[in-house]
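A.B. asks: what's the 3D shape of this:
(2 chains)
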Amino acid sequence: MATTTTTATPTPVLAADVAAYLKRRGRWSPLEIAFWIFAFASIWLFPDKYLILKDTAILALFALSLDLILGYAGIISLGQAAFFGVAGYFSGLVAKYGIINDPIIALVCSGLVAAAFGFVTSFLVLRGSDLTRLMVTLGVSLMLGEIANRYANITGGADGLQGVDIAPIFGRWSFDLYGHNGYVYCLIVLFVCFVIARRIVYSPFGLSLRSVKGNALRAAAIGIPVKWRLVAIYAVAAGFAGIAGGLLTQTTAFCSLDVFSLDRSADLLLVLIIGGTGYLYGGLIGAVIYKFLQDWIATLTPQYWQFWIGLVLVVIVLVGRERVEGWIAAARGSLVRLGDRAWTRIRPRSAALGGAADGG
Amino acid sequence: MLTILFDGVAYGMLLFVLACGLSVTLGLMNFINLAHGSFAMAGGYCTVIMVNRLGVPFVLGVPIAFLVTALLGGLFERTLYVHVYARSHLDQVLFTIGLVFMSVAAVDYTMGSSQRFVQIPDALQGQFDVFGIGMGKYRLLIIAVCGLLTIALQLILAKTRFGSRLRAAVDDQRVARGLGINVGAVFGITFAVGSGLAGLGGALGAEILGLDPTFPLRYMIYFLIVVTVGGTSSIVGPFLASILLGIADVAGKYYVPTLGAFVIYAIMIAVLIWRPQGLFARATAR
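C.D. replies: Numbers count the residues shown, from 1 in each chain, chains lettered A, B, ... in the order given. Below you'll find the predicted structure:
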């Protein structure tokens, strides 16, 4: 990627090149628009599946947060659940004790708390090799689980945090039993977070992250502050994970020690591997496939679905992750070409719509 | 106080036998094997089946558990693991976590989810009382067996031809290969023996650690702590690390029971920040 060198010495011409490149990359493709139209159409298409759809949206946001650090910065983490859990308990506690009643403000705050926590722990994580990172991230989330268990008088311990009462959104839409409002809420939050993540990824900052992932030493040599870039993206990703955790607590009005568990972080890796890393939609598509796979297997063998999940992981690695991602990329490529062709056919008739889409 | 120390040492010895195979494989092939605990579990259940169901004497059941898991480990190494060595760490983590999930569900399916105990012969139950220190006979046996194993391992590594090949391969794989050492075979044997030791540890420790299908998940972090804190360049490092960990864990649970495993994780993170290479490792280029 020759354009990355320009971040070190931004001569006017090259800077303009970078801006043009990023603008080109950052354009919303027709397929993306179709994806989101379908996502929002699901509100009306599958009215009896709100609960699983809602879980999928939360999982997708959570996977998005891991993709930011794994796919874009190359940090292997088994402890993303730490941020999920911290924010989950935070949003549960503020609602229970009526500190912040408005769910949206509470959600933003829980994201900020998780991001702050991510910022603090990032200094622990960014030292050492892959194995050390794995251990420290895992250790941090297990440690938090122990703390939550220890202070059972605040967190409810093994019984979970009960008596959480979430106020209606804008004082109008309450979280009903069927999960309709909950799902719409999760989907909108997911979309907003996705747009923010997309903006980050297609910014010069995102470009510099890619170069750090490619070769940290060379990135440092051309003047990218490697450490601070990693700290920043780690904190941002923690914030997204926190919002996902906050969503789970708000929509279920419950939070248990399970939020810190290793399974949650490991499942998340699987989600990302199914969908593919490093292109934002990986987490989203992976979450959809994973949830429905899990739902399907769980109806077949309620108790032993974990076995099949494990088998999927083993097979994916043995077949070769690159190959699986290659298939997905190929499928994506042909879909994009298909979409583009269809788009150019309708485009003359809907030029105004196309102009609006370029704004992203 | 001394009883705690004694229990801690027994626990630490057990952890060492469980984890030493992992430390060698990690050092040798730079391979992160999170499924190591699954082999320990296999050893434990193997003993349970043989001693409780088939009536094999305990003294015989434990070595058989070693052999069975060693065979199992060798089989897995040749058929599955061998494809994953050259992959990235992420792939290795995914692969071995997948194996852990499968083993947990498979054991749950075949053996049930409740905790199992091995029937220990009466001769090994009860306590000695030496200078006012209560020493459980079974724990004393564990210390004796694990101590002998440690000495044997150290001798094999230091004195035999195989040991020097293994050390050469750990230090520099490519040069070792260039000298005509069959690194693949060395690794296969080491992996099998390491899995067998894990199985042995699982068999001996079923009583103390508690044996149920979630065993690999519960103890995964402990093995990794031993390996990361002890370093992978020798077996002395992991040995000291596991003794320390054993004592710290038992003492922590005794003196501050409400904090649970918190102490262990805190110590681990502190050590990793202080010495990312491990507490006892010499600084290597890797």
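A.B. asks: Distance check, the spatially most central residue of chain A against A:Y185.
C.D. replies: Centroid-nearest residue in chain A, with Cα atoms, centre = their mean: A:L64, separated by 1.8 Å. Computed as Cβ to Cβ, to the nearest Å, the A:L64 to A:Y185 distance reads 17 Å. No exception for glycine: its C-beta is placed from N, CA and C like everyone else's.
A.B. asks: if you go through chain B in chain order, where are the helices?
C.D. replies: In chain order, chain B shows helices spanning B:2-29, B:36-47, B:58-79, B:89-111, B:137-159, B:161-171, B:173-178, B:183-209, B:215-230, B:236-255, B:262-274, with DSSP state H as the criterion.
A.B. asks: count of residues packed around residue 13?
C.D. replies: With no chain named, the answer covers chain A. As a burial measure, the neighbour count of A:V13 was computed by other Cβ atoms under 10 Å in any protein chain shown and equals 9.
A.B. asks: ah, no, chain B please
C.D. replies: One way to gauge burial is a neighbour count; for B:M13, by other Cβ under 10 Å, it gives 26.
A.B. asks: Please verify my assumption that A:F260 contacts A:L138.
C.D. replies: No. In terms of Cβ atoms under 8 Å, A:F260 does not count as a neighbour of A:L138; the distance is 10.6 Å.
A.B. asks: More neighbours: which of those two?
C.D. replies: Neighbours around A:F260 and A:L138, counted as other Cβ under 10 Å, are more numerous at A:F260. The numbers are 27 against 24.
A.B. asks: Around chain B, pick out the residues from the stretch 201-350 of chain A.
C.D. replies: By the criterion of Cβ under 8 Å from any Cβ of the partner chain, the positions of the stretch 201-350 of chain A lying close to chain B are A:262-263, A:266, A:269-270, A:273, A:303-307, A:309-314, A:316-318, A:321.
A.B. asks: Now which of the residues you listed would you call buried?
C.D. replies: Listed as buried from those are A:262, A:266, A:269-270, A:273, A:304-307, A:309-314, A:316-317, A:321; burial here means 16 or more other Cβ atoms under 10 Å in any protein chain shown.
A.B. asks: give the contact list for the residue nearest to the centre of chain A.
C.D. replies: Contacts for A:L64 were tallied using Cβ atoms under 8 Å, 6 or more residues apart in numbering or on different chains; they are A:L190, A:C193, A:F194, A:A197, A:F240, A:L280, A:G283, A:L284.
A.B. asks: chain center to the helix or strand the third one falls within, what's the gap?
C.D. replies: Translated: A:F194. When secondary structure is defined using DSSP states H and E, the element that contains A:F194 is helix A:180-201. Its chain's C-alpha centre and that of helix A:180-201 lie 10 Å apart, by Cα atoms, centre = their mean, to the nearest Å.
A.B. asks: Just name whatever secondary elements the next helix or strand after that helix is in contact with.
C.D. replies: Once helix A:180-201 ends, the next helix or strand along the chain (criterion: DSSP H and E) is helix A:204-214. Contact partners of helix A:204-214 among helices and strands, from 3 or more Cβ pairs under 8 Å, 6 or more residues apart in numbering or on different chains; DSSP states H and E: helix A:12-25, helix A:216-221, helix A:226-252.
A.B. asks: returning to that earlier point: can you pull the phi/psi pair for the residue nearest to the centre of chain A?
C.D. replies: The main-chain torsion angles of A:L64 are listed as degrees, to the nearest 10 and equal phi -60, psi -40.
A.B. asks: Next: the one 10 residues further on.
C.D. replies: Comment: the main-chain dihedrals of A:G74 come out as phi 70, psi 30, following degrees, to the nearest 10.
A.B. asks: gap between the nearest residue to it once chain neighbours are set aside and A:I224?
C.D. replies: Take A:G74 and drop its neighbours on the chain: the residue closest to it by Cβ to Cβ, 6 or more residues apart in numbering or on different chains is A:K213, 4.0 Å away. Shown here: A:K213 relative to A:I224, a distance of 11 Å by Cβ to Cβ.
A.B. asks: cool, and A:L217?
C.D. replies: Using Cβ to Cβ, A:L217 is found at 11 Å from A:I224.
A.B. asks: Give me the more crowded residue out of these two.
C.D. replies: Set A:L217 next to A:I224 and count neighbours by other Cβ under 10 Å: A:I224 wins out with 21 against 8.
A.B. asks: tell me which element that one falls in.
C.D. replies: Using DSSP H and E, A:I224 maps to neither a helix nor a strand.
A.B. asks: looking at it, it is touching A:V212, isn't it?
C.D. replies: Yes. A:I224 lies in contact with A:V212 (Cβ under 8 Å); the separation is 6.3 Å.
A.B. asks: circling back to that earlier point, among the buried ones among the residues of the stretch 201-350 of chain A next to chain B, which are in strands?
C.D. replies: Within these, membership in strands is found for no residue, as judged by DSSP state E.
A.B. asks: can you count the residues close to residue 160?
C.D. replies: This is for chain A. One way to gauge burial is a neighbour count; for A:G160, by other Cβ under 10 Å, it gives 17.
A.B. asks: Chain B, not that one
C.D. replies: Burial measure for B:T160: 11 neighbouring residues, criterion other Cβ under 10 Å.
A.B. asks: okay, it: pLDDT?
C.D. replies: Here the pLDDT value assigned to B:T160 is 88.
A.B. asks: thinking again about what came up before, with respect to burial, which of the helices and strands packed on helix A:204-214 scores highest?
C.D. replies: Across the helices and strands packed on helix A:204-214, the average number of neighbours (mean count of other Cβ atoms under 10 Å in any protein chain shown) peaks for helix A:226-252, which reaches a mean of 25.
A.B. asks: Could you check how far that helix is from the centre of its chain?
C.D. replies: The offset between the C-alpha centroid of helix A:226-252 and the centroid of the whole chain comes to 8 Å, using Cα atoms, centre = their mean.
A.B. asks: contacting residues around the residue in the stretch 151-300 of chain A positioned nearest to chain B?
C.D. replies: Of the residues in the stretch 151-300 of chain A, the one nearest chain B is A:A266, at a distance of 5.0 Å by Cβ to the nearest Cβ. For A:A266, the contacting residues are A:L78, B:I97, B:F101, taking Cβ under 8 Å, 6+ apart as the criterion.
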